[in-house]
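# only geometry, no sequence info:
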Ligand code: SF4
(Lines give C-alpha, C1' and ligand atoms only; values in the text may rest on other atoms or scores of the structure.)
Protein backbone atom coordinates (compact mmCIF):
# COMPACT_ATOMS: atom_id res chain seq x y z
CA UNK A 1 0.00 0.00 0.00
CA UNK A 2 1.38 3.44 -0.87
CA UNK A 3 1.75 6.08 1.80
CA UNK A 4 -0.82 8.25 0.02
CA UNK A 5 -3.33 5.42 0.10
CA UNK A 6 -2.50 4.76 3.73
CA UNK A 7 -3.14 8.41 4.69
CA UNK A 8 -6.44 8.35 2.92
CA UNK A 9 -7.49 5.14 4.67
CA UNK A 10 -6.37 6.44 8.05
CA UNK A 11 -8.08 9.78 7.68
CA UNK A 12 -11.37 8.03 6.96
CA UNK A 13 -10.96 6.24 10.28
CA UNK A 14 -12.72 3.17 11.61
CA UNK A 15 -16.27 2.48 12.60
CA UNK A 16 -16.61 3.33 16.30
CA UNK A 17 -18.35 0.02 16.89
CA UNK A 18 -15.03 -1.59 15.92
CA UNK A 19 -13.06 0.53 18.34
CA UNK A 20 -10.61 -1.15 20.68
CA UNK A 21 -12.83 0.08 23.54
CA UNK A 22 -15.52 -2.38 22.40
CA UNK A 23 -13.09 -5.23 23.14
CA UNK A 24 -11.08 -4.05 26.13
CA UNK A 25 -11.02 -1.19 28.58
CA UNK A 26 -8.17 1.24 29.11
CA UNK A 27 -7.08 -0.57 32.29
CA UNK A 28 -6.51 -3.82 30.41
CA UNK A 29 -4.63 -2.21 27.52
CA UNK A 30 -2.54 -0.09 29.87
CA UNK A 31 -1.56 -3.13 31.93
CA UNK A 32 -0.58 -5.14 28.85
CA UNK A 33 1.47 -2.27 27.43
CA UNK A 34 3.18 -1.69 30.78
CA UNK A 35 4.06 -5.35 31.16
CA UNK A 36 5.35 -5.80 27.62
CA UNK A 37 7.15 -2.56 26.76
CA UNK A 38 10.25 -1.09 28.32
CA UNK A 39 10.11 2.64 28.89
CA UNK A 40 13.35 4.24 29.97
CA UNK A 41 12.90 7.76 31.41
CA UNK A 42 16.39 8.66 30.15
CA UNK A 43 15.00 8.58 26.61
CA UNK A 44 12.43 11.36 27.22
CA UNK A 45 13.71 14.90 27.40
CA UNK A 46 10.79 16.17 29.53
CA UNK A 47 11.54 13.52 32.16
CA UNK A 48 15.29 14.13 31.98
CA UNK A 49 14.59 17.83 32.64
CA UNK A 50 12.15 17.02 35.44
CA UNK A 51 14.43 14.55 37.18
CA UNK A 52 17.41 16.92 37.00
CA UNK A 53 15.28 19.19 39.20
CA UNK A 54 15.87 22.49 37.42
CA UNK A 55 12.23 23.54 37.84
CA UNK A 56 9.11 23.65 35.67
CA UNK A 57 10.48 26.19 33.21
CA UNK A 58 13.38 23.83 32.41
CA UNK A 59 10.83 21.09 31.61
CA UNK A 60 9.12 23.49 29.19
CA UNK A 61 12.51 24.22 27.60
CA UNK A 62 13.08 20.48 27.16
CA UNK A 63 9.69 19.98 25.53
CA UNK A 64 10.28 22.92 23.14
CA UNK A 65 13.65 21.40 22.19
CA UNK A 66 11.97 18.07 21.42
CA UNK A 67 9.67 19.57 18.74
CA UNK A 68 10.24 17.79 15.42
CA UNK A 69 13.39 16.05 16.55
CA UNK A 70 14.43 12.85 18.24
CA UNK A 71 14.62 12.65 22.02
CA UNK A 72 18.29 11.72 21.74
CA UNK A 73 19.13 15.00 19.95
CA UNK A 74 16.89 17.08 22.16
CA UNK A 75 18.42 15.60 25.33
CA UNK A 76 21.89 16.41 24.01
CA UNK A 77 20.80 19.97 23.21
CA UNK A 78 19.14 20.33 26.65
CA UNK A 79 22.27 19.18 28.51
CA UNK A 80 24.44 21.48 26.40
CA UNK A 81 22.13 24.43 27.08
CA UNK A 82 22.21 23.58 30.79
CA UNK A 83 26.03 23.58 30.74
CA UNK A 84 26.61 26.65 28.57
CA UNK A 85 23.72 28.98 29.45
CA UNK A 86 21.52 27.35 32.09
CA UNK A 87 17.88 26.28 31.78
CA UNK A 88 16.34 28.22 34.67
CA UNK A 89 13.98 31.09 33.96
CA UNK A 90 16.47 33.62 35.36
CA UNK A 91 19.37 32.36 33.27
CA UNK A 92 17.35 32.31 30.05
CA UNK A 93 16.05 35.83 30.75
CA UNK A 94 19.62 37.06 31.23
CA UNK A 95 21.01 35.28 28.16
CA UNK A 96 21.30 36.44 24.60
CA UNK A 97 19.28 34.56 21.95
CA UNK A 98 22.53 33.91 20.05
CA UNK A 99 23.97 32.07 23.08
CA UNK A 100 20.86 29.87 23.23
CA UNK A 101 21.05 29.19 19.50
CA UNK A 102 24.69 28.10 19.73
CA UNK A 103 23.94 25.73 22.61
CA UNK A 104 20.91 23.98 21.09
CA UNK A 105 22.03 23.35 17.49
CA UNK A 106 21.83 19.59 17.99
CA UNK A 107 18.03 19.88 18.39
CA UNK A 108 17.51 21.28 14.86
CA UNK A 109 15.38 24.37 14.02
CA UNK A 110 17.65 26.07 16.54
CA UNK A 111 16.93 29.66 15.49
CA UNK A 112 13.18 29.14 15.85
CA UNK A 113 13.47 27.17 19.10
CA UNK A 114 15.85 29.70 20.70
CA UNK A 115 13.33 32.47 20.01
CA UNK A 116 10.46 30.37 21.38
CA UNK A 117 12.42 29.66 24.57
CA UNK A 118 13.23 33.34 25.01
CA UNK A 119 9.62 34.42 24.25
CA UNK A 120 8.29 31.86 26.74
CA UNK A 121 10.68 33.09 29.45
CA UNK A 122 9.63 36.70 28.92
CA UNK A 123 5.91 35.83 28.88
CA UNK A 124 6.20 33.76 32.09
CA UNK A 125 8.19 36.54 33.79
CA UNK A 126 5.36 38.97 32.91
CA UNK A 127 2.91 36.61 34.69
CA UNK A 128 5.00 36.79 37.87
CA UNK A 129 7.60 34.06 37.30
CA UNK A 130 7.91 30.31 37.53
CA UNK A 131 5.30 29.99 40.30
CA UNK A 132 2.72 30.84 37.67
CA UNK A 133 3.48 27.52 35.92
CA UNK A 134 2.76 25.65 39.15
CA UNK A 135 -0.28 27.51 40.41
CA UNK A 136 -2.36 28.69 37.45
CA UNK A 137 -5.51 26.73 36.65
CA UNK A 138 -4.43 24.07 34.07
CA UNK A 139 -6.95 25.07 31.39
CA UNK A 140 -5.98 28.74 31.65
CA UNK A 141 -2.31 27.76 31.67
CA UNK A 142 -2.87 25.74 28.48
CA UNK A 143 -4.42 28.81 26.85
CA UNK A 144 -1.53 30.96 28.00
CA UNK A 145 1.14 28.52 26.78
CA UNK A 146 -0.47 28.04 23.37
CA UNK A 147 -0.72 31.83 22.96
CA UNK A 148 3.10 31.94 22.85
CA UNK A 149 4.33 31.80 19.27
CA UNK A 150 6.08 28.42 18.77
CA UNK A 151 4.11 26.52 21.44
CA UNK A 152 1.27 24.31 20.22
CA UNK A 153 -1.13 21.94 21.94
CA UNK A 154 1.28 19.00 21.96
CA UNK A 155 4.04 20.98 23.69
CA UNK A 156 1.55 22.45 26.18
CA UNK A 157 -0.01 19.04 26.91
CA UNK A 158 3.31 17.27 27.47
CA UNK A 159 4.22 20.04 29.90
CA UNK A 160 0.84 19.97 31.67
CA UNK A 161 0.81 16.19 32.06
CA UNK A 162 4.45 15.90 33.21
CA UNK A 163 4.59 18.93 35.53
CA UNK A 164 0.97 19.30 36.67
CA UNK A 165 -0.45 15.83 36.03
CA UNK A 166 -3.33 17.77 34.48
CA UNK A 167 -6.08 16.07 32.44
CA UNK A 168 -4.52 16.40 28.99
CA UNK A 169 -3.23 13.62 26.77
CA UNK A 170 -0.30 14.70 24.60
CA UNK A 171 -0.64 13.32 21.07
CA UNK A 172 2.48 12.90 18.97
CA UNK A 173 2.62 11.15 15.59
CA UNK A 174 2.74 7.70 17.24
CA UNK A 175 -0.25 8.35 19.51
CA UNK A 176 -2.22 9.84 16.60
CA UNK A 177 -1.54 6.84 14.35
CA UNK A 178 -2.46 4.38 17.09
CA UNK A 179 -5.63 6.28 18.09
CA UNK A 180 -6.79 6.06 14.48
CA UNK A 181 -5.88 2.37 14.11
CA UNK A 182 -7.63 1.59 17.38
CA UNK A 183 -10.79 3.32 16.15
CA UNK A 184 -10.66 5.91 18.93
CA UNK A 185 -10.24 8.85 16.55
CA UNK A 186 -11.57 9.05 13.04
CA UNK A 187 -9.44 11.75 11.54
CA UNK A 188 -6.24 13.65 12.09
CA UNK A 189 -7.71 16.07 14.62
CA UNK A 190 -5.41 16.69 17.58
CA UNK A 191 -8.22 17.60 19.97
CA UNK A 192 -10.34 14.59 19.02
CA UNK A 193 -7.48 12.11 19.47
CA UNK A 194 -6.35 13.78 22.71
CA UNK A 195 -9.84 13.64 24.27
CA UNK A 196 -10.43 10.06 23.12
CA UNK A 197 -7.11 8.80 24.52
CA UNK A 198 -7.68 10.66 27.80
CA UNK A 199 -11.13 9.13 28.14
CA UNK A 200 -9.83 5.67 27.27
CA UNK A 201 -6.81 5.59 29.61
CA UNK A 202 -8.00 7.99 32.32
CA UNK A 203 -6.33 11.13 33.60
CA UNK A 204 -4.17 9.37 36.18
CA UNK A 205 -2.48 7.30 33.49
CA UNK A 206 -2.30 9.90 30.72
CA UNK A 207 1.35 10.75 31.14
CA UNK A 208 2.62 7.19 31.29
CA UNK A 209 0.22 5.97 28.60
CA UNK A 210 1.57 8.69 26.29
CA UNK A 211 5.09 7.25 26.68
CA UNK A 212 3.80 3.68 26.29
CA UNK A 213 2.14 4.62 22.99
CA UNK A 214 5.41 6.12 21.77
CA UNK A 215 7.16 2.86 22.70
CA UNK A 216 4.41 0.80 21.00
CA UNK A 217 4.62 2.98 17.88
CA UNK A 218 8.40 2.68 17.69
CA UNK A 219 8.56 -1.06 18.26
CA UNK A 220 5.38 -2.51 16.73
CA UNK A 221 2.82 -0.04 15.42
CA UNK A 222 5.03 1.56 12.81
CA UNK A 223 3.63 3.79 10.05
CA UNK A 224 4.50 1.19 7.40
CA UNK A 225 4.43 -2.55 7.89
CA UNK A 226 3.31 -2.61 11.52
CA UNK A 227 4.46 -5.75 13.32
CA UNK A 228 0.93 -6.83 14.17
CA UNK A 229 1.65 -10.51 14.65
CA UNK A 230 4.12 -9.71 17.46
CA UNK A 231 2.17 -6.78 18.94
CA UNK A 232 1.12 -7.30 22.58
CA UNK A 233 -2.38 -5.88 22.05
CA UNK A 234 -3.16 -7.49 18.69
CA UNK A 235 -6.05 -9.56 20.08
CA UNK A 236 -7.93 -6.35 20.86
CA UNK A 237 -6.87 -4.18 17.93
CA UNK A 238 -9.42 -3.55 15.16
CA UNK A 239 -6.61 -2.86 12.67
CA UNK A 240 -4.72 -6.10 13.34
CA UNK A 241 -3.05 -7.39 10.16
CA UNK A 242 -2.71 -11.14 10.13
CA UNK A 243 -0.01 -11.10 7.46
CA UNK A 244 2.17 -8.60 5.63
CA UNK A 245 -0.08 -8.93 2.60
CA UNK A 246 -3.21 -7.90 4.52
CA UNK A 247 -4.20 -4.29 3.95
CA UNK A 248 -3.42 -1.99 6.84
CA UNK A 249 -6.36 -0.23 8.41
S1 LIG B 1 -2.08 -4.94 16.14
FE2 LIG B 1 -0.98 -3.84 14.52
S3 LIG B 1 -2.19 -1.99 14.08
FE4 LIG B 1 -2.88 -2.84 16.07
S5 LIG B 1 -1.68 -1.73 17.64
FE6 LIG B 1 -0.60 -3.62 17.16
S7 LIG B 1 0.86 -3.08 15.55
FE8 LIG B 1 -0.67 -1.44 15.65
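Yep, that arrived. Remember, it's a predicted structure, so these values are computed and weren't measured experimentally.
# quick check: domain ranges of the protein?
Using automatic domain parsing, the domain parsing of the chain gives 3-39+169-230, 55-163.
# tell me if the first one is near the ligand.
Yes - judged by CB under 6 Å from any ligand atom, domain 3-39+169-230 comes into contact with the ligand at 178, 181, 220, 221, 226, 227, 228. For glycine as for every other residue, the C-beta is placed from the backbone atoms N, C-alpha and C.
# among these, which are in strands?
Members of the residues of domain 3-39+169-230 next to the ligand lying in strands (criterion: DSSP state E): none.
# ok, and the most crowded of those?
Counting by other CB atoms under 10 Å, residue 178 has the largest number of neighbours within these, with 26 neighbours.
# dump the domains of the chain to CSV, plus mean pLDDT.
Putting those into CSV (pLDDT from 0 to 100) gives the following:
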stretch, mean pLDDT
domain 3-39+169-230, 86
domain 55-163, 96
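# can you redo the ones you listed as a markdown table with distance to residue 238?
Shown next, in a markdown table, are the domains of the chain (distance: least, CB to CB, whole Å):
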| stretch | distance to residue 238 |
| --- | --- |
| domain 3-39+169-230 | 4 |
| domain 55-163 | 25 |
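# what's the following helix or strand after the longest helix anywhere in the chain?
Secondary structure of the chain read by DSSP state H shows that its longest helix is helix 110-126. For helix 110-126, the following helix or strand on the C-terminal side (DSSP states H and E) is helix 131-135.
# buried set for that next one?
132, 133 (16 or more other CB atoms under 10 Å).
# roughly how far does residue 82 sit from residue 44?
Going from residue 82 to residue 44 by CB to CB, to the nearest Å gives 16 Å.
# and residue 62, by the same measure?
9 Å.
# ditto for residue 169
On the measure of CB to CB, residue 169 and residue 44 end up 15 Å apart.
# more neighbours: which of those two?
Taking neighbours as other CB under 10 Å, residue 169 and residue 44 compare with residue 169 leading, 27 against 23.
# list the contacts of the more buried one.
157, 161, 175, 194, 195, 197, 198, 201, 206, 209, 210 (CB atoms under 8 Å, 6 or more residues apart in numbering).
# closest to the ligand out of the residues you listed?
Nearest to the ligand among the contacts of residue 169, counting by CB to the nearest ligand atom, is residue 175 at 11.6 Å.
# what helix or strand does the closest one sit in?
Per DSSP H and E: helix 173-181 holds residue 175.
# for that helix, which positions count as buried?
For helix 173-181, the neighbour count (16+ other CB under 10 Å) marks 174, 175, 176, 177, 178, 179, 180, 181 as buried.
# same check on stretch 147-161?
By 16+ other CB under 10 Å, the buried positions in stretch 147-161 come out as 148, 150, 151, 153, 154, 155, 156, 157, 158, 159, 160, 161.
# so the fourth one sits against residue 190, correct?
Right, residue 153. Yes - applying CB atoms under 8 Å as the test, residue 153 and residue 190 come out as touching, 5.4 Å apart.
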